[in-house]
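Engineer: Quick one, structure for this:
(one chain, ligands or ions: 4)
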Amino acid sequence: QAKEEGRGKFMFYTAQLTDRAQERLFLEGELCKAMDKDELFLEYQPQFELANGRLLGSEALMRWRHAERGDIPPASFIAIAEETGLILRLGEWALRTACGQAMEWARKGCGLRRIAVNISGVQIERSDIVGMVGDVLAETGLPPEFLELEITETYVMRQAQQNIQVLDALRAFGLSLAIDDFGTGQSSLAYLKRLPVNKLKIDRSFVADLPSGENEAAIARAIVALGHSLHLNVLAEGIETPAQAQCLAEMGCEEAQGFLFSRPLAASAMEDMLLSHASRAMPAKLTQRTEF
Ligand code: C2E
Ligand code: MG
Ligand code: MG
Ligand code: MG
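Structural biologist: Ligands and ions are numbered 1, 2, ... in the order given. Next up, the predicted model:
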């Protein structure tokens, strides 16, 4: 009887695996066509200075709206794109679109602000990322100091040595580099010190349990301190409550991103926010000037 049961379970698991594999194959095939079918677009999540709410810029986030399936989240397709190498095309498309968008906003009177774009480790490993970024900067005309590339801690640390040269070459354009999801990977502090990066983004898992989670608070505080001692900016992502924002501000964290301030926005909504901040920023600038 046990045998029977065991066999039943075995068949059940195989069926599940098959579903999973089929789903994967389906997504892989569809993702191949998604770019040509115009199903991909970017949303932009604003980033703010925590102490005063000044709008610093936004992070471009990839979106896939499938004709039949509707919205498919990055968590379901980025890994597939990485495993198949499709991320090389998608990543280049995202960078070009985001940089072009930032320039379009500037032409529309929004002012030029920072645009942050996620880069997959696969792009660094398997393509000429330096050449590609150089091309996109040249084609779009975006001044490099307005571009920030985000690379996850897990990748940066896994590839330690080989990375530094590529990151150095990227920095040489004049753009800035952020380590994304910081705190989740195993950073070697000695290595971190040698990395040519400008910013740490505290992973939202440490932000979620603030202010009451004592361990998370200790980690967030340690990341802020670590960042500062290495002369890096620190941004907290995934801030959802005023208490979390206040707690991070008290720790000395400079920058913030999260649903509390804004969800990721369609380009048009982001444009409206940029415009309203551009006009609001004016008087402040004038006051500052009269002080001098
Ligand atoms: P990420 O780069 O760490 O982006 C932040 C994620 O947190 C985004 O999820 C964003 O929507 C979400 N988020 C922001 N604020 C909050 C909040 O207050 N609460 C919660 N619960 N979530 C918040 P999203 O857009 O689903 O993207 C997930 C991940 O997919 C990104 O994490 C990034 O690793 C990857 N990804 C997205 N776009 C790209 C891309 O163009 N290229 C690459 N290589 N990866 C991308
Ligand atoms: Mg990111
Ligand atoms: Mg992140
Ligand atoms: Mg993440």
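Engineer: contacts, neighbours, all on C-alpha from now
Structural biologist: Noted.
Engineer: Give me the phi and psi for the residue in the chain that ligand 3 sits nearest to.
Structural biologist: At 4.1 Å from ligand 3, residue 181 is the closest residue in the chain, using Cα to the ion. Backbone torsions for residue 181, taken as degrees, to the nearest 10, come to phi 50, psi 40.
Engineer: what about it, neighbour count?
Structural biologist: As a burial measure, residue 181 scores 21 neighbours (other Cα atoms under 10 Å).
Engineer: Find the nearest non-adjacent residue to it, please.
Structural biologist: In space, residue 181 comes closest to residue 203 once its chain neighbours are excluded; the distance is 4.1 Å by Cα to Cα, 6 or more residues apart in numbering.
Engineer: what's the residue of the chain closest to ligand 3 in contact with, if anything?
Structural biologist: Residues near residue 181 by Cα atoms under 8 Å, 6 or more residues apart in numbering: 152-153, 201-204.
Engineer: same thing with residue 190?
Structural biologist: Per Cα under 8 Å, 6+ apart, neighbours of residue 190: none.
Engineer: measure it to residue 230 for me?
Structural biologist: Using Cα to Cα, to the nearest Å, one obtains 11 Å as the distance from residue 190 to residue 230.
Engineer: Point me to the helix or strand that includes residue 190.
Structural biologist: Residue 190 belongs to helix 189-194 when assigned by DSSP states H and E.
Engineer: Could you check that helix and say which residues are buried?
Structural biologist: residue 192 (16 or more other Cα atoms under 10 Å).
Engineer: centre of the chain versus it, how much separation?
Structural biologist: Distance of helix 189-194 from its chain centroid, counting by Cα atoms, centre = their mean, to the nearest Å, is 22 Å.
Engineer: need the next SSE after it, C-terminal direction.
Structural biologist: Counting by DSSP H and E, the element after helix 189-194 in chain order, helix or strand, is strand 199-202.
Engineer: what's around residue 188, how many residues?
Structural biologist: 11.
Engineer: can you check residue 146 too?
Structural biologist: Number of residues near residue 146 (other Cα under 10 Å) recorded here: 17.
Engineer: check contacts around it.
Structural biologist: So residue 146 contacts 112-115, 175 (Cα under 8 Å, 6+ apart).
Engineer: What about the residues you listed, which are in strands?
Structural biologist: 114-115 (DSSP state E).
Engineer: Looking at the contacts of residue 146, state which has the most neighbours.
Structural biologist: When neighbours are counted by other Cα under 10 Å, residue 115 leads those with 27 neighbours.
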